[in-house]
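[1] The amino acid sequence is not available; the structure is as follows:
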């Protein structure tokens, strides 16, 4: 997995980890906590009862798998900052564009899944019995995370592809002008 040659293993791991994160995010959306208003006949109070808390675990799983995918890629490419310099050209430009874009989508995806997991856990565990409406997590939080997970995966694949092209292409050298003696005839 050295610099300069694209590794199929890196491609496979980045895609696999991202797809698992996508799956967890979809599963979290399908298993969101939904509250039901229940009235206690003995005390005559109304309170909310929420079903399972499994969506929180799925959301955290999506967060961790996407974080692993991004960490793996940034470790292999040395975060584009700490390795050999990239050769000038269009490959370097695309590499920088995909690097910045993948980080932006990564941050949005992570924010969506961790916010959804946190909000889902809050409704499940910490809601008091004095509340009259059973609030639940809005539909689509985990789906938005899933969409950004896929976008991050695609951008990461393109980033790694252009990064390896830019690192493996030979650096541009200045022309050797040792034979030229223009203006130096008297000093040779």
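    Yes, it's here. As the structure is a computational prediction, the values presented were derived from the model and not from experiment. Numbers count the residues shown, from 1 in each chain.
[2] Only C-alpha atoms from now on, for both contacts and neighbour counts.
    OK.
[3] What ranges does the protein have for its strands?
    35-39, 46-50 (DSSP state E).
[4] Quick one: residues contacting residue 109.
    Each residue near residue 109 by Cα atoms under 8 Å, 6 or more residues apart in numbering is listed here: 144, 145, 146, 147, 148, 149, 152.
[5] From residue 94, how far off is it?
    Look at residue 109 and residue 94: by Cα to Cα, to the nearest Å, they are 22 Å apart.
[6] And residue 39, by the same measure?
    Computed as Cα to Cα, the residue 39 to residue 94 distance reads 60 Å.
[7] same deal with residue 113?
    From residue 113 to residue 94 the distance is 28 Å (Cα to Cα).
[8] Likewise for residue 46?
    From residue 46 over to residue 94 the distance is 58 Å, taken as Cα to Cα.
[9] Tell me how many other residues crowd the residue lying closest to residue 14 once chain neighbours are set aside.
    When the adjacent residues along the chain are set aside, residue 14 lies closest to residue 69, with 5.1 Å between them (Cα to Cα, 6 or more residues apart in numbering). Residue neighbour count, defined by other Cα atoms under 10 Å, stands at 24 for residue 69.
[10] So for the top helix by length along the chain, what gets flagged as buried?
    For the chain, the longest helix by residue count, based on DSSP state H, is helix 90-125. By 16 or more other Cα atoms under 10 Å, the buried positions in helix 90-125 come out as 91-96, 98-99, 101-102, 105-106, 108-110, 112-121, 123-124.
[11] Once you drop chain neighbours, what's closest to the residue most central in space within the chain?
    With distances taken as Cα atoms, centre = their mean, the chain has residue 106 as the residue nearest its mean C-alpha position (3.0 Å). Among residues not flanking residue 106 along the chain, residue 152 sits closest, at 5.6 Å (Cα to Cα, 6+ apart).
[12] Could you do residue 54 as well?
    Nearest non-adjacent residue to residue 54, counting by Cα to Cα, 6+ apart: residue 31, 6.6 Å away.
[13] What's the local residue count around that neighbour?
    By other Cα under 10 Å, 16 other residues sit near residue 31.
[14] quick revisit: the residue nearest to the centre of the chain and residue 96, how far apart?
    Taking Cα to Cα, one finds residue 106 at 15 Å from residue 96.
[15] Could you check the pLDDT of the spatially closest residue to residue 61 that is not a sequence neighbour?
    Spatial nearest neighbour of residue 61, excluding adjacent residues (Cα to Cα, 6+ apart): residue 24 at 6.3 Å. Predicted confidence (pLDDT) for residue 24: 97.
[16] Ok, the one 10 residues further on next?
    Per-residue pLDDT puts residue 34 at 74.
[17] do residue 64 as well
    Residue-level confidence at residue 64 comes out at 97, pLDDT.
[18] List the contacts of it.
    With contact set as Cα under 8 Å, 6+ apart, residue 64 has these partners: residue 21.
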